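> model this:
(chains A, B and C)
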Amino acid sequence: MLKDKFSYVEEVRPEKGDGWFVVPPKKLAEVCGFLKEKQGFDCLSSIAGTDRNGQIEIAYHFFSYDKKETVVLKVTIEVSTSANVTTISDLYPSANWMEREAFDLLGISFVGHPDMRRILLPEDWTGHPLRKDYKEGKEYCGMTTRR
Amino acid sequence: MGEKMLTLHRNLPDFVLTARIDDLLNWCRKSSVWYMLFATACCGIELMQTGGPRCDWDRFGAVPRATPRQSDLMVIAGTITYKMAIRTRRLYDQMPDPKYVMSMGSCANCGGLFQHSYSVLKGIDKIMPVDIYVPGCPPRPEALTDGLLKLQEKMQKEKFLRKETTRI
Amino acid sequence: MGPQHPATHGVLRFIIKIDGEIVRSVVPDIGYLHRGIEKIAEKVGYIGFQPYTDRVDYVSAMTGNHAYALAVEKLAGITVPRRAEFLRVIAAELNRISSHLIMTGCVAMDMGAFTPFVHALREREKVNDLFEMMCGARLTYNYIRIGGVSYDVPDGFKEKCLDFLDHFVPFIDEFNRLISFNKIFVERLANVGVISKEEAIAYNLVGPNLRASGIKWDLRKDIPYSVYPELEFDVPVGTGGAGTVGDSLDRYMLRVNEMRESARIVRQAVKMLPEGETKAKGVARVRPPAGEIYVRTESARGDMGYYLISDGSDKPYRLKIRTGSFSAMSIIEKITPGMMVADLVAFISSLDVVAPEVDR
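Numbers count the residues shown, from 1 in each chain, chains lettered A, B, ... in the order given. Predicted coordinates for the structure are as follows:
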C-alpha cells in the first residue's frame, strides 16, 4: 500500500523476523505525514539507531491502536558526510525525546528539532557511545574509569 | 588516692552507674544513627524494605532523614554514574562531622554488574572514604542490618577525649 | 528538585520555575542512572544479558525477563514447555501485584500519609517470601530464562500461594478503607494532571497511564502472548469517578483494581498448572538467525518493547529497550504549567516513573 503511493519506498521481507520499508532521508516527513493522517498510525513506538560500519540506520516503529499493526520505516544516512534527517517531532510529540537520545548515543543530528542537546549523558561528554568504534576515555572530571 | 576511689565506688547505691566518658558518648552516638535517604537503583528498594515492618531499622535507632544536614550515615544504595558522582560528593560534603559511609551492594562497592559500562563509576570509594562494605546484589535486609551492627561496633571503639601524647 | 529528593522516585531531577506556589515550567533532567545497558548487551551475549533485564525495571523484574526471553525465543524459534508458560504467568502477575503495592504506597507517602506505605511494604514481604520459594531471590530474580524458567517450584508452593491470595484480596478492601476513599486524599488527587486520550496517544503513554485516560488497551488481551488467552480477567479502565477521566486519582485507583485482577489470574493459573518440563532443550548456546524482531509485553509500567537485531552470532548486534517511563517523563513538561507545587508531586508520583526505565 505504501509502495503504490510513494514510488521511492522499497519493501524488505527477510526470511526470519520482521520486515521493513526503506525510505530516503529527504522524504521521511512526507511518508510519516501520510501514515499519520491517512492510515491512522498515530503512535510512534520507538526510534532506534544502529551503527552499520560507516552508515547509520534509523528504524522507526509506528503503531496503530485501531488496526493493531506495526509499520517499520528505515532510513540510512552516511556518517562521514554528516548527512542528517528531518525531525518528525512536529508530527509526533513523542519523537522529541527519542531523537535527543539518538543524537546523544549515536551522533545523528535532526534538522528542525527544537532542542537538540544531550539527554542521558553529561553535557560535557565527548563521543557517542553506541557507535561501534567508540573508545572510553581514561578519566572523566578527575574520576578514573578503570577499576 | 586509688584506695579512696575504690571505697567511694563500692559505697555507691545500685541505681548509680559509672562509665568512661568515651564509652558513654559512643553508646549514645551509636544508638541513634540517622541515615540519609539516598537510593539510586535496586538496592534502594531493599533499603526501604529494611526500614519497613519485618526487619525494622528503627529499633536500632536508625531513622531516615531527607536532608544531609541532619544525618550521620550515608548509605550508598545503588549504581553511581559519573553524572551522579559529582552530586553525591557534594551531598557527602554537606553532611556534618562525624559522618560515616556504608557502601551497599555490588554496584557501590566496585561497579558490580555494570563494570562493562562506559558511564558507571567503578566503586564509590573512588570519590569518598567508606567505612563498611556490604556485599550482595541486592543485599538481604539481614545482611544490611549486620552491616549496621558492625558499624555500631566500630563507633563504640572510637576515642575522642584521650589525646595521643608525643615524646619530645 | 532532585536528584536526591524524597519525592522523586529514584534519581530524577526537575528544573522548576515557580511564581509563588504556581509552577510556570518544569524541565526534567534525566540521565543520572544511565548505565549503558544497550551497549553491554553487545559485549556479554544473549545468555549473559539475562540478569541485566531485571535491572531495567527492578520493581517488576520478572516482566523484563519475560519480554527479553520472548524476543530471543521468537527469533530463534524455541518452543517453551507448557508448565514453564504457566509458571511465567504466575511469576509475572505476582510481580505486578508487588509493583503496584509500591506505587500505591508511594503515592500515599508523597501525600504525607506514611502508614499506608508501611502496610504495603508488609504485604510485599509476603510476596517476596513466595518469590524466594520459587527462585531464591527477593528483588532481581533472573527467573524467566530463554527457553523456560530457571527452577521448578517446590512442594507446598501451590498451597502457600492460594493462602496468600485468600489473605490478600480482603487486604485490598482494607487498604481502600484506610486511604483510598479518604476525603483529603481524593481531593488532593482528583482533577490533578488530567491527560486526555489524544495527548496520551501522541506522547506514547502506555499501560496503566493509557488505560486511565480512557483507552481500553491491554497487550495481554489485544495482542496476547504466552497462555493469557486461556485465562479470564477484566481490564479496568479509568472512569473519572471523583473527577475527570485521566486525572491522578484514576491512575491510582486503576492500579488498585489491577491488583485484584492479577490475584484472579494467579488463582486460575495455580489451579491449571500442568505437569511437565520447565526448560526447553538446546538453549545453552543459542544463536538466533540473522534478522530483527520487535516484541512487546505488558509490564507493570506499560508495554515494554525489545527491538533485537541479530547477525547470527552469539552476541546481539543491537538491542533497544523501549520502556513506558521514558514517555511518561516526556509528558510532564507539557501538562504541568499552571499547577501548584504540591500538585506537581502528586502528578509525578501518580505516573509511576522508575528512574532506570527512563535512563536505561
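> you'd agree residue C:309 is up against residue A:50?
Yes. Contact between residue C:309 and residue A:50 holds when scored by Cβ atoms under 8 Å: they sit 6.1 Å apart. From N, CA and C alone the C-beta is placed, and that goes for glycine too.
> Quickly list what's touching both of these two.
C:317, C:318 (Cβ atoms under 8 Å, 6 or more residues apart in numbering or on different chains).
> do you know how far the closest residue to residue A:10 other than its chain neighbours is from chain B?
If the residues on either side of it in the chain are set aside, residue A:10 comes closest to residue A:22, at 4.6 Å by Cβ to Cβ, 6 or more residues apart in numbering or on different chains. Distance of residue A:22 to chain B, computed by Cβ to the nearest Cβ, to the nearest Å: 31 Å.
> show me where chain A has helices.
Here chain A has its helices, by DSSP state H, at A:2-5, A:28-37, A:95-106.
> where does the residue lying closest to residue B:127 once chain neighbours are set aside land on pLDDT?
Spatial nearest neighbour of residue B:127, chain neighbours left out: residue B:89 (5.1 Å); criterion: Cβ to Cβ, 6+ apart. Confidence at residue B:89, expressed as pLDDT, is 90.
> can you confirm residue B:89 is in a helix?
Yes. The assignment for residue B:89 is a helix, going by DSSP: H, G, I helix; E, B strand; the rest coil.
> who touches the residue nearest to residue A:10 in this structure?
So, once contact is read as Cβ under 8 Å, 6+ apart, residue A:22 ends up touching A:9, A:10, A:11, A:12, A:73, A:74, A:75, A:76.
> While we're on it, how confident is the model there?
86.
> What parts of chain B come near chain C?
B:36-42, B:44-46, B:48-49, B:52-54, B:66, B:78-79, B:81, B:83-84, B:87, B:91, B:113-114, B:116-120, B:137-138, B:140 (Cβ under 8 Å from any Cβ of the partner chain).
> Next step: these restricted to helices.
By the criterion of DSSP H, membership of the residues of chain B next to chain C in helices covers B:42, B:44, B:45, B:46, B:48, B:49, B:83, B:84, B:87, B:91.
> Only whichever of the residues of chain B next to chain C are buried, select them in PyMOL.
Buried subset of the residues of chain B next to chain C, written as a PyMOL selection, criterion 16 or more other Cβ atoms under 10 Å in any protein chain shown:
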select buried, chain B and resi 36+37+38+39+40+41+42+44+45+46+48+49+52+78+79+81+83+84+87+91+113+114+116+117+118+119+120+137+138+140
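> quick one, phi psi at the closest residue to residue C:79 other than its chain neighbours?
Sequence neighbours aside, residue C:280 is the residue nearest to residue C:79 in space, at 6.3 Å (criterion: Cβ to Cβ, 6+ apart). Backbone geometry at residue C:280, expressed as degrees, to the nearest 10, gives phi -80, psi 160.
> need the contact list for residue C:280.
Taking Cβ under 8 Å, 6+ apart as the test, what residue C:280 contacts is C:78, C:79, C:80, C:81, C:84, C:147, C:148.
> repeat that with 10 Å
By Cβ atoms under 10 Å, 6 or more residues apart in numbering or on different chains, residue C:280 lies in contact with C:73, C:78, C:79, C:80, C:81, C:84, C:145, C:146, C:147, C:148, C:286.
> Determine the number of other residues adjacent to residue B:24.
By other Cβ atoms under 10 Å in any protein chain shown, 12 other residues sit near residue B:24.
> Looks to me like it is in a strand.
No. Counting by three-state DSSP, residue B:24 is not part of a strand but helix.
> hang on, isn't it packed against residue B:17?
Yes. Assessed by Cβ atoms under 10 Å, residue B:24 is found in contact with residue B:17 at 9.1 Å.
> which other residues reach the one helix or strand residue C:188 maps to?
Assigned by DSSP states H and E, residue C:188 falls within helix C:183-189. With Cβ under 10 Å, 6+ apart as the contact definition, helix C:183-189 has outside contacts at C:107-108, C:110-113, C:116, C:178-180, C:182, C:241-243, C:247-253, C:342-343, C:345-347, C:349-350.
> Now do residue 37: how many residues are near it, please.
Went with chain A since none was named. Count around residue A:37 with other Cβ under 10 Å applied: 11.
> my bad, chain C
Neighbour count for residue C:37, taken as other Cβ under 10 Å: 21.
> can you pull the contacts of residue 109?
Let's take chain A. A:77, A:82, A:83, A:84, A:85, A:87, A:99, A:102, A:103, A:116.
> that's the wrong chain, I meant chain B
Contact analysis of residue B:109 by Cβ under 10 Å, 6+ apart lists B:76, B:103, B:122, B:123, B:124, B:125, B:130, B:133, B:134, B:135, B:136, B:137.
> how far off helix B:42-50 does the one helix or strand residue B:103 maps to point, in degrees?
Using DSSP H and E, residue B:103 falls within strand B:100-104. Here strand B:100-104 runs at an angle of 110 degrees relative to helix B:42-50 (axes from the mean of the first three to the mean of the last three Cα atoms, to 10 degrees).
> Quick check: closest non-adjacent residue to residue C:260.
Among residues not flanking residue C:260 along the chain, residue C:172 sits closest, at 5.9 Å (Cβ to Cβ, 6+ apart).
> In three-state terms, how would the one you found be classified?
Look at residue C:172: counting by three-state DSSP, its state is helix.
> give me every residue that touches it.
Neighbour list for residue C:172: C:97, C:101, C:104, C:123, C:180, C:256, C:257, C:259, C:260, C:263 [criterion: Cβ under 10 Å, 6+ apart].
> Just the element for the closest residue to residue C:315 other than its chain neighbours, please.
Excluding the flanking residues, the one nearest residue C:315 by Cβ to Cβ, 6+ apart is residue C:45, at 4.6 Å. Applying DSSP H and E as the criterion places residue C:45 in helix C:37-48.
> and the angle from that helix to helix A:95-106?
Using the same axes, to 10 degrees, one finds that helix C:37-48 and helix A:95-106 are set 70 degrees apart in direction.
> which of the residues in helix C:37-48 are buried?
Those buried within helix C:37-48 under the rule 16+ other Cβ under 10 Å are C:37, C:38, C:39, C:40, C:41, C:42, C:44, C:45, C:46.
> Now, of the contacts of residue A:109, which are buried?
The neighbour-count test (16+ other Cβ under 10 Å) marks A:77, A:83, A:85, A:87, A:99, A:102, A:103 as buried among the contacts of residue A:109.
> Quick check: the two most widely separated of these?
In the buried ones among the contacts of residue A:109, two members sit farther apart than any others by Cβ to Cβ. They are A:83 and A:99, at 15.2 Å.
> Specify the beta-bridge partners of the residue nearest the centre of chain A.
By Cα atoms, centre = their mean, chain A has its centre lying nearest to residue A:58, at 3.8 Å. Beta-bridge partners of residue A:58, counted by DSSP bridges, are residue A:49, residue A:75.
> who's in contact with the residue of the stretch 151-300 of chain C found nearest chain A?
Nearest residue of the stretch 151-300 of chain C to chain A (Cβ to the nearest Cβ) works out as residue C:291 at 3.0 Å. Applying Cβ under 10 Å, 6+ apart, one finds that residue C:291 lies in contact with A:14-19, C:75-76, C:308-312.
> got the residue ranges for the helices in chain C?
Under the criterion DSSP H, helices of chain C are mapped to C:37-48, C:50-56, C:61-76, C:82-110, C:115-135, C:157-175, C:183-189, C:197-202, C:208-212, C:219-222, C:248-272, C:324-335, C:341-350, C:355-359.
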